[in-house]
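>>> have a look; sequence and predicted model below, questions after that.
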Amino acid sequence: MFCHAIIHSDGVLHSLARAGHTQLKILVLGLGNPILTDDAVGIIVAEDVRRRLDREDVVVDQASIGGLGLLELVLGYDRVIIIDAIQTAAGQPGQIHRLSPDQFRGNLRAASPHDLTLATALELGRRLRKDIPKEIVILAVEAADTETFGEELTPAVAAAVPEVVELVLQELERQGNGQRRPRCPAAR
Amino acid sequence: MNKISIDPITRLEGHGRIDIFLDDEGEVANAYLIIPELRGFEKFCQGRPVEELPRITARICGVCPEAHLMASAKACDAVYHVEPPSAGKKLRELFYSAFYVGDHATHFYILGGPDFVMGPDADPAVRNILGVIGKVGVEVGSKVIEARGRALDIIKMLGGRPVHPICAIPGGMSKPMTEEERVGVEESARWLLDFAQFTIQLFNEVVLGNKQYVDLILSDPFTLPTYYMGLVDDHNKVNFYDGLVRVVDPKGAEFVKYAPAQYLDNVAERVEPWTYVKIPYLKKVGWKGFVGGKDSGVYQATPLSRLNAADGMATPLAQAEYERMYETLGGKPVHQILATHWARIIELLYAAERLLELATDAEITDRNVRTIPTETPTEGVGIVEAPRGTLTHHYVTDERGLVVKCNLIVGTTNNIGPISASIRQAAQGLIKKGEVISEGLLNMVEMAFRAYDPCMSCATHALPGSLPLEVRILDSAGQLVERLSQGLD
């Protein structure tokens, strides 16, 4: 039954596997610098997500790199959710943006004079490899301070962490085509 | 000219800012590079056990953590008055050579290469690795990815993880290398050596074979004679990991050669009100402003600077390229800052040769790679060559080894003086009598700036042509004449 087949995520994936499809693999990646105050937010959110999650198809990881190194980390996954800090001209600390790599301009740490922007790195990956993720979502948290050495988030950013964690978990529930997985009453 | 105060608050915008000041005649008087600066590092380290610092300082930068790791480990050696065993030093240097190959390769193909392969007049949209692949073939992109992968595999194997490795510790390395691992390193070293030679050949064909590029390299706006600094070994050959700091004057004569512990006798740091970055200069020459020449204490610390400061390269293939570069450009020292890209690939070749040398050294798998410190810690300085310039770590501890004070001079900081001078020079050709030739100014300024491969740690920049950059031109009364920007919303 359709309903039965989708009750558990394991069930869906195992049936797909039996049908010969590759198991969907999702990466949740927290980016940032753990010793630069608000720049740690991505790392902290990923840690909280890891604690809340128990799914075989999701890998949670943390990293402190961008550009080409980032490309190398995401290869092989079908979907990637990245969490990172951001500073925009009009942003309020703690504000959360949902972005895709194409939306980047120069104001993000994903770029440096020795590296590529994520968008270019992905394009490079597309031309050289077949295992580029089909979808990359970036949850960017507006930071107040990313230039002072410190191990604590500033208050507004710290207050945003639970909401970001929830957003990640919601993204993971969402199917690739934007639909939520329908609930079957028998699932309970 | 009126005195202007420059507000450093723009650091919050996270991009580079350059202020160009005009004199009363409307000619360029000065240019200053204002960059965001990370704050509070010393305070952050105080009270921590000094052996934590290799792990902590490696986190300052996601691009070259290995450089900080190594300088920090060497500073800790000095703090504890301990010397690593011979095999420990060699293993550190092997690890460091792998890092250099990966870093220089990435830099050349992603940054320097595109400018030259595609041409400085090419549309910014194609002046990047994608354009390079389009022009020279997909194979090049694959080779770069493989080169990075092999270098990172070595780092991961020896260092525990590919980014922010943790293997260099006070007194040596955390573990020796097995024979099985050594075989893998040797195999990669041979591949990387081939790759380095391929890179030299590519540069020859595409850059040196093109008169327009050669003319650009030799042009005045990009020529800046200064003092040059770099680490050298016992034979005055370039060494990235260890040795003495050698400085030569603009004519190439040795000016001073000092051990890390003596750095404060030789380098002073100047405070300017408009930037948090302290600007280093040669103490014994003195500060004369943001100018080059024999009377100014401004010095460069870049790949080109290292080659200028040394008498040669320690490995044969790199030495042959070294000689060829100086012959082509008219002798030593070379003052053309764009030649830094050439110097970088000569270093890439040296790093690959050195990696292979060390991977086949008789004692490289020796089990004894660490001397355990026994003396009371006090104070120490560790210096390595980071890809972007001479990197100095200086720590003072109490008798328990807790940090009391720490000072770092990172690669790019050495170059703030010359970068400002180069920008001024680049601008002088395009701003006359108060009239700004906007078109091309940003490009020239960016090329001057980027020749130094500035690493502002976490400051944000982008590919050639899209560097988020703001250039303000101010007249002698401090009024804004023009503001140019790119890559900013």
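It's in. Residues are numbered from 1 along each chain as shown, chains lettered A, B, ... in the order given.

>>> distance from the chain centre to the helix or strand hosting B:H107, please.
If you go by DSSP states H and E, B:H107 is part of helix B:86-107. Helix B:86-107 sits 15 Å away from the centroid of its parent chain (Cα atoms, centre = their mean, to the nearest Å).

>>> against which helices or strands is that helix packed?
helix B:65-79, helix B:138-159, strand B:172-173, helix B:179-203, helix B:340-359 (3 or more Cβ pairs under 8 Å, 6 or more residues apart in numbering or on different chains; DSSP states H and E). C-beta: built from backbone N, CA, C; applies to glycine.

>>> list the buried ones in it?
Within helix B:86-107, the residues scored as buried using 16 or more other Cβ atoms under 10 Å in any protein chain shown are B:87-107.

>>> if I look at the residue found closest to B:D153 once you drop the neighbours it is linked to in the chain, how far off is B:Q201?
In space, and not counting its chain neighbours, B:D153 is closest to B:S188: 6.9 Å by Cβ to Cβ, 6 or more residues apart in numbering or on different chains. Between B:S188 and B:Q201 the computed distance is 20 Å (Cβ to Cβ, to the nearest Å).

>>> cool, B:V185 as well?
Counting by Cβ to Cβ, the separation of B:V185 from B:Q201 is 24 Å.

>>> ok, B:L329 next?
19 Å.

>>> comparing those two, which shows the higher neighbour count?
When B:L329 and B:Q201 are compared on other Cβ atoms under 10 Å in any protein chain shown, the one with more neighbours turns out to be B:L329, at 17 against 10.

>>> which residues of chain A fall in strands?
Applying DSSP state E to chain A gives strands spanning A:26-31, A:58-63, A:79-86, A:96-99, A:135-142.

>>> quick check, the third one touching chain B?
Translated: strand A:79-86. No. Using Cβ under 8 Å from any Cβ of the partner chain, strand A:79-86 stays clear of chain B, coming no nearer than 10.0 Å.

>>> hmm, who's touching that strand?
Residues outside strand A:79-86 that contact it (Cβ atoms under 8 Å, 6 or more residues apart in numbering or on different chains) are A:24-32, A:38-42, A:45-46, A:74, A:97, A:107-110, A:133-143, A:146, A:157, A:164, A:168, A:171-172, A:176.

>>> which among those residues end up buried?
Neighbour counting with 16+ other Cβ under 10 Å marks A:24-32, A:38-42, A:45-46, A:74, A:107-110, A:133, A:136-143, A:146, A:157, A:164, A:168, A:171-172 as buried within these.

>>> sketch out the low-pLDDT regions of the stretch 201-350 of chain B for me.
Residues of the stretch 201-350 of chain B meeting the criterion pLDDT under 70: B:273-276.

>>> including distance to B:G209 and mean pLDDT, could the strands of chain A go into TSV?
Rendered in TSV, the data for the strands of chain A read as follows (distance: least, Cβ to Cβ, whole Å; pLDDT from 0 to 100):
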stretch	distance to B:G209	mean pLDDT
strand A:26-31	41	94
strand A:58-63	40	92
strand A:79-86	42	92
strand A:96-99	43	92
strand A:135-142	40	92
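
>>> of all these, which one comes closest to B:R17?
Minimum separation from B:R17 across these (Cβ to Cβ) falls at strand A:79-86, 19.8 Å.

>>> that closest one: how far from the chain's middle?
Its chain's C-alpha centre and that of strand A:79-86 lie 4 Å apart, by Cα atoms, centre = their mean.

>>> partners of that strand, with directions?
Using DSSP bridges, strand A:79-86 pairs in its sheet with strand A:26-31 (parallel), strand A:135-142 (parallel).

>>> okay, angle between it and strand A:58-63 too, please.
30 degrees (axes from the mean of the first three to the mean of the last three Cα atoms, to 10 degrees).

>>> tabulate the CA atom coordinates of strand A:79-86 in CSV.
C-alpha atoms of strand A:79-86 as CSV (Å, rounded to 0.1, in the frame of the first residue of the first chain):
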residue,chain,number,x,y,z
ARG,A,79,20.8,17.0,-1.0
VAL,A,80,22.8,19.3,1.2
ILE,A,81,21.7,21.6,3.9
ILE,A,82,24.4,24.1,4.9
ILE,A,83,24.2,26.3,8.0
ASP,A,84,26.5,29.3,8.3
ALA,A,85,26.8,32.8,9.6
ILE,A,86,26.2,35.8,7.3
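
>>> and the residue in the stretch 1-150 of chain B positioned nearest to chain A, what element?
Of all residues in the stretch 1-150 of chain B, the one sitting closest to chain A is B:F44 (3.7 Å; Cβ to the nearest Cβ). B:F44 is part of helix B:41-45 when elements are defined by DSSP H and E.
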